[in-house]
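Participant: pasted the sequence and its predicted model underneath.
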Amino acid sequence: MKKLVFSFVVLMFSAFMVNAQDAAQQQPVNPNAPEITFDKTVHDYGTIVQGADGTCEFKFTNIGKEPLILSKPQSSCGCTVPTWPQEPILPGKSDVIKVTYNTNNVGSINKTVTVTSNAKTSRVVLQIKGTVTAKPATTLPEKTGDQGAAPITK
């Protein structure tokens, strides 16, 4: 009986501690905090040729009441490089995050860039997708067999 009571007390104490930690980690939401909205969160390249320009832009707007500050966006792969504004984006203003994908490798594209900021929604995932096809083989023009031509002499 003592073990049962002791186990019950330990279980209740553990539940109380976990609940207290969760409450301590939740911060009150700032009603004036910046809010980030994107025109699109997915860019589909469709089918592009190997070596083509793999740059696209994700336009966003700060619809909040305080300046928006972006942290370094993280790409899912070294072949995807994001470029973002370093200065705060004022309320009502827009800017772009440029994403450049290295199109040297043939195959499917399915990469993400995670944007972290001080916005109410602190993390937004942007996605690029498509297919890179091999460059067509380059051929030289065929030599015409002009039999009647004579060399030019001076």
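Facilitator: Structure received.
Participant: buried sites along stretch 79-92?
Facilitator: Thr80, Val81, Pro82, Trp84, Ile89, Pro91 (16 or more other C-beta atoms under 10 Å). For the C-beta atoms, the positions are set from N, CA and C on the backbone; glycine is no exception.
Participant: mind checking which of those residues land in strands?
Facilitator: Residues of these located in strands (DSSP state E): Thr80, Val81, Pro82.
Participant: those into JSON lines, with extra columns for pLDDT and distance to Thr103?
Facilitator: Output for these, formatted as JSON lines (pLDDT from 0 to 100; distance: C-beta to C-beta, whole Å):
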{"residue": "Thr80", "pLDDT": "95", "distance to Thr103": "11"}
{"residue": "Val81", "pLDDT": "96", "distance to Thr103": "12"}
{"residue": "Pro82", "pLDDT": "97", "distance to Thr103": "16"}
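Participant: so which of the residues you listed comes closest to Gly107?
Facilitator: Gly107 lies nearest to Thr80 out of those, by C-beta to C-beta, at 13.9 Å.
Participant: got a list of what that closest one touches?
Facilitator: Residues near Thr80 by C-beta atoms under 8 Å, 6 or more residues apart in numbering: Val99, Thr100, Tyr101, Asn102, Lys111, Val113, Ile128.
Participant: tell me which element the fifth one falls in.
Facilitator: So that's Lys111. Counting by DSSP states H and E, the element that carries Lys111 is strand 107-116.
Participant: hmm, who's touching that strand?
Facilitator: 36, 45, 70-77, 79-80, 82, 84, 97, 99, 101, 122-132.
Participant: just the buried residues out of those residues, in ChimeraX syntax.
Facilitator: The ChimeraX command for the buried members of the contacts of strand 107-116 (criterion: 16+ other C-beta under 10 Å) is given here:
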select :36,45,70,73,75,80,82,84,97,99,101,124,126,127,128,130,132
